[in-house]
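*Asks:* below is the sequence, then the predicted model.
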Amino acid sequence: MVTMLPSLIVIFLGLDPTRVLVLSQVVLSFGLPFAIIPLVTFTSRRDIMGELTNMRITTFLASAVAVLIVALNVFLLYQTYFQRINSMFKHILVPLDGSRLSEASLIPRGNPG
């Protein structure tokens, strides 16, 4: 019954189950590096694991996966917050080609004569 409680709360509150599921997975993805990095570190140390130490290829692949997860999390944060900041200042920022200024007739086009 305890494991069903979050699902029941989502249903009773009328939240979109798919959106809540995606949000929960995003939150869980930020916790993964805190489990994977120490796991790879400890299992690759001979003084801790003895003869059960990971092979180098296992350590390399697990490290690559950890780096990928961290990179994807950083990309998710960058994409989420940069797009919001960019959209907030979109009306202030001027494109490099000056099209916004020329539309406002601040830059004359052609010969002024």
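*Replies:* Arrived safely, thanks for sending.

*Asks:* longest helix of the protein?
*Replies:* helix 56-88 (DSSP state H).

*Asks:* list the buried residues of that helix.
*Replies:* 59, 62, 66, 69, 73 (16 or more other Cβ atoms under 10 Å). In this view, the C-beta of every residue, glycine as well, is placed from N, C-alpha and C.

*Asks:* tell me the confidence at the residue lying closest to the fourth one once chain neighbours are set aside?
*Replies:* The spatially closest residue to Ile69, leaving aside those adjacent along the chain, is Leu32, at 5.2 Å (Cβ to Cβ, 6 or more residues apart in numbering). In this prediction, Leu32 carries a pLDDT score of 93.

*Asks:* and the gap between Leu32 and Tyr78?
*Replies:* Plainly put, Leu32 is 18 Å away from Tyr78 if you go by Cβ to Cβ, to the nearest Å.

*Asks:* following the host helix or strand of the residue nearest to Ile69, which helix or strand shows up next?
*Replies:* Assigned by DSSP states H and E, Leu32 belongs to helix 17-43. Sequence order places helix 46-49 as the next helix or strand after helix 17-43, per DSSP H and E.

*Asks:* now for that following helix, which elements pack on it?
*Replies:* For helix 46-49, the packing partners by 3 or more Cβ pairs under 8 Å, 6 or more residues apart in numbering; DSSP states H and E come out as helix 17-43.

*Asks:* got the angle for the helix it packs on vs helix 56-88?
*Replies:* For helix 17-43 against helix 56-88, the angle by axes from the mean of the first three to the mean of the last three Cα atoms, to 10 degrees is 140 degrees.
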